[in-house]
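Trainee: give me a 3D structure for the following:
(chains A, B and C)
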Amino acid sequence: MGYTLQQLADHVAGRVVGDDTVVIGRVATLSDASPGSISFLTSSAYRKHLASTRASAVIIRENALDSCTTNALVVENPHVAYARIVHLLYPEIRTIAGIHPSAVVEESATIAGSAYIGPNTYIGHSVVISENVSIGPGCVLENGVKIDSNTSLQANVTIRHDCQLGKYCLVHPGVVIGSDGFGQANDNGVWVKIPQVGRVIIGDDVEIGANTTIDRGAIQDTVISDNVKLDNLIQIAHNVHIGAHTAIAAGAAIAGSARIGKHCTIAGMVGIAGHLEIADNVTITAMSLVGHSLHEPGVYSGTLPLDTNQQWRKNAVRFKQLDEMAKRLKKLESPQGK
Amino acid sequence: MGYTLQQLADHVAGRVVGDDTVVIGRVATLSDASPGSISFLTSSAYRKHLASTRASAVIIRENALDSCTTNALVVENPHVAYARIVHLLYPEIRTIAGIHPSAVVEESATIAGSAYIGPNTYIGHSVVISENVSIGPGCVLENGVKIDSNTSLQANVTIRHDCQLGKYCLVHPGVVIGSDGFGQANDNGVWVKIPQVGRVIIGDDVEIGANTTIDRGAIQDTVISDNVKLDNLIQIAHNVHIGAHTAIAAGAAIAGSARIGKHCTIAGMVGIAGHLEIADNVTITAMSLVGHSLHEPGVYSGTLPLDTNQQWRKNAVRFKQLDEMAKRLKKLESPQGK
Amino acid sequence: MGYTLQQLADHVAGRVVGDDTVVIGRVATLSDASPGSISFLTSSAYRKHLASTRASAVIIRENALDSCTTNALVVENPHVAYARIVHLLYPEIRTIAGIHPSAVVEESATIAGSAYIGPNTYIGHSVVISENVSIGPGCVLENGVKIDSNTSLQANVTIRHDCQLGKYCLVHPGVVIGSDGFGQANDNGVWVKIPQVGRVIIGDDVEIGANTTIDRGAIQDTVISDNVKLDNLIQIAHNVHIGAHTAIAAGAAIAGSARIGKHCTIAGMVGIAGHLEIADNVTITAMSLVGHSLHEPGVYSGTLPLDTNQQWRKNAVRFKQLDEMAKRLKKLESPQGK
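Mentor: Numbers count the residues shown, from 1 in each chain, chains lettered A, B, ... in the order given. A predicted model of the protein is given here:
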């Protein structure tokens, strides 16, 4: 049960400093570790725990070796090495191939022999489920949905008709993919629904967090590119395009037809207005509202820092006078003082 | 398969300029259109695409005719005409009447002959389902729920006991209607739950987006009026009233007992505090916090514009000094400069 | 059907002023009451309704007796007394013990004799369901989940493997507990998933609102303490700890490894950054962003007040000049005026 430190080092192309025969069976935080576990250091904030950790080994960068009092696994990127080692120590328990007898599968659906369809799940007409796909309990896949190989849908996921997911995706419980975009035309005060005839097309290695919603396109498709990572409770509106390797944290919402670049990092509860473009390599800090296109990479912000309510009220009142204050300042600066 | 342009014009009471016999089978965006498709122009931002579109026809206003190089369908409101034409070209595929054998329906429920109950759905005691209603797979309708005619619930929708929906509503996957309002009384630091004995009453032609939640009233009912349109992941707290023809975008949250008027437009991620009133015809821009009643129609805002993080940090620090700055400015303005 | 006012007074240790034999059968608001109902007054804002209410009795504090024209039930905390009286007048309808034939229960699961398992629900391997637990329709409890006695899960709830809930909890529809934390390591631009090997551990008397999501820990557990009350659509990230008796309103999101104290009140749509600590007895007002630890109890805020869009635009433009304004003010204050 476990791997020697040398075996783990080989797995992540790292170097052992210390006893390479020690056996590792699990992961732990530096402060909570016990013998038999491996920990890691990615942030200098936790370096203080390095001297006292009881971990049998620690994944670190070369420059932290001095502070390490236990066995070290030296790598360039401890976070990535840690990720790969967790995959090794905690292998995913594969669902067993087959269709649970309580699942309802329409005759025209195509289910690969190695796929799993869980209890009380519904698979619609002409759905195509590829090899090694796992569909958990309580899911609904409407007509014409296609799920490519090795993708996993957990419980109570809904995928509306004709949407497509790539390979090696992971979809958490409660996710809705392919709901109608919010298209309403205003006819003298009365809203008239605009049927949404596009789809959602999702690339490979995409992760979608619990209860996140992704709307289908109005005419063309909503597109989520390869290796995009979406956290929980995110809203992706119709016709949004998200570039590859972009990560979005929980509670963010992206309005219709926005185009987000590659390698962007969008923090929690960020709002992005519709019909704009965000360049590659843009970072947006938490709870900011993006109201216009961002053509340059970089870090953008727009949220005020918290204060005590007493102090905050004083300043917030002044905010309403800010334009007037600016004019008064200008007047004082003028030669005649007016 | 399709309609002549004249047939479409008749359907929306519009006028053809050009070839009224051209056959239209689908919709497309101006820039992506190909022959056989119809497109539309509602925003001058897209007017540049009018000259080069390959659409067989374009729905436009009279004043855009000059720029149109293909056949035109001239109407007063292209957005509404487009909506009606999509309904015509992409008729909804009706579910076939009947109760799926895997559904669980309590004996005391009343299901109209033309209604559809999908796989793995549960229909509680004394539920009433009217004509042409469609309940998708995985839904749960608790005891005493009433769904009026022609309303459609998609997959995995939950409606708690005794709530009512009107005619021609559309409820997207994952929606929860009738969950308990957040009523907690504080007994010397310990929260005591207040049972929520009201219901949710929803009018006709209401659309409710994916994973949106609408809480039941504490004593009286939560009320959503006719033709209200709710986007995804919205929270409607107990005893909220929303007036007819109001539209609310994704991620907004409305706290308890707020009363929202008719014909309001509430943008994404807006927060509305409890126990306040918002007049008819109010528009609130994205991510604003409404902390007091709004008695006048108009547009309201409260969110700062995004900036580069470097520049934003400079200004955000100054915000904490704003009250002090105002006092210093006042002092400079005083005759003695103090 | 109903209780005498004296019986209700005995139930909440209150004192009747007036006719203690009047029979009460339901609750009502002051303005909407009719004979046979009991109402309550907790906020002076509603005191004006006290004179005209048609309620047969009103729950009030001693100091409101003067304004009361009907029978009074005098208590120290009317809100708590009201809560207890609603529980008495509207007893919860208990689900009948047993496993619905459409539920799928793995053989290795342990289900107490008094527990209820609803239609189309899935109970995984080695799940333990204690006495008087009620699991509604469409729920999914993955392998190794433990639910302690008297806890109720409503419809379409998902609990992922190995998570635990205490006694007397109430979980609303669409909740997801134990989804993976958002752990991604960046390998030269490509996100590598970090498997999340912790659990979610939930204490006693916890309420979790509709469609709220609680992620499992990365290594250690995510912990929700006793008597915590969570509203709808809240995100709790991996390794968050929430202290006892803390209440969080709808739409709030708490990032990874944040530690929230006891008796905190967190308003709607508040964002809390990761890896910080919030002391006991902290209140955060709506839509604020908490970006650093709060070591002192008190009320904190960070959101600007709403304004008309016209006025708001003027001030928002000036916000971008705030640092420059501060420097100009400083210059004016200097002896030489430069």
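Trainee: since we're on the nearest residue to A:Ser288 once chain neighbours are set aside, how many residues are nearby?
Mentor: Nearest residue to A:Ser288, sequence neighbours excluded (CB to CB, 6 or more residues apart in numbering or on different chains): A:Gly302, at 3.8 Å. Using the backbone N, CA and C atoms, a C-beta is placed for each residue, glycine as well. A:Gly302 sits with 24 neighbouring residues when counted by other CB atoms under 10 Å in any protein chain shown.
Trainee: got the domain ranges for chain A?
Mentor: For chain A, automatic domain parsing gives the domain ranges A:3-89, A:98-300, A:309-338.
Trainee: how about the helices of chain A, start to end?
Mentor: Counting by DSSP state H, one finds helices in chain A at the ranges A:5-12, A:78-89, A:309-319, A:322-333.
Trainee: count the neighbours of the residue nearest to A:Tyr3 when sequence neighbours are not counted for me.
Mentor: Once flanking residues are discounted, A:Tyr3 sits nearest to A:Ile24: 5.7 Å by CB to CB, 6+ apart. Counted by other CB under 10 Å, the residues lying close to A:Ile24 total 23.
Trainee: list the contacts for A:Ile24?
Mentor: With contact set as CB atoms under 8 Å, 6 or more residues apart in numbering or on different chains, A:Ile24 has these partners: A:Gly2, A:Tyr3, A:Thr4, A:Leu5, A:Leu8, A:Gly36, A:Ser37, A:Ile38, A:Ser56, A:Ala57, A:Leu89.
Trainee: so, low pLDDT: which residues of the stretch 201-338 of chain A?
Mentor: Scanning the stretch 201-338 of chain A for pLDDT under 70 picks out A:336-338.
Trainee: for chain C, what are the nearby residues on it?
Mentor: By the rule CB under 8 Å from any CB of the partner chain, the part of the stretch 201-338 of chain A lying against chain C is A:207, A:209-211, A:227, A:229, A:231-233, A:245, A:247, A:249-251, A:263, A:268-269, A:286-287, A:303-310, A:312-313, A:316, A:319-323, A:325-326, A:329, A:332-333.
Trainee: list the buried residues of stretch A:79-95.
Mentor: A:His79, A:Val80, A:Ala81, A:Tyr82, A:Ala83, A:Arg84, A:Ile85, A:Val86, A:Leu89, A:Thr95 (16 or more other CB atoms under 10 Å in any protein chain shown).
Trainee: sorry, back to before: highest average neighbour count across the domains of chain A?
Mentor: Of all those, domain A:98-300 has the most neighbours on average by mean count of other CB atoms under 10 Å in any protein chain shown, namely a mean of 23.
Trainee: could you work out the end-to-end span of that domain for me?
Mentor: Taking CA to CA, to the nearest Å, domain A:98-300 runs 48 Å from one end to the other.
Trainee: same question for stretch A:311-325.
Mentor: Chord length of stretch A:311-325, first to last residue, is 19 Å (CA to CA).
Trainee: stretch A:164-175 now?
Mentor: Here the two ends of stretch A:164-175 are set 14 Å apart, with distance taken as CA to CA.
Trainee: now do it, average pLDDT.
Mentor: Averaging pLDDT along stretch A:164-175 gives 98.
Trainee: ok now that stretch, how far from the chain's centre?
Mentor: Between the centre of stretch A:164-175 and the centre of its chain there are 12 Å (CA atoms, centre = their mean, to the nearest Å).
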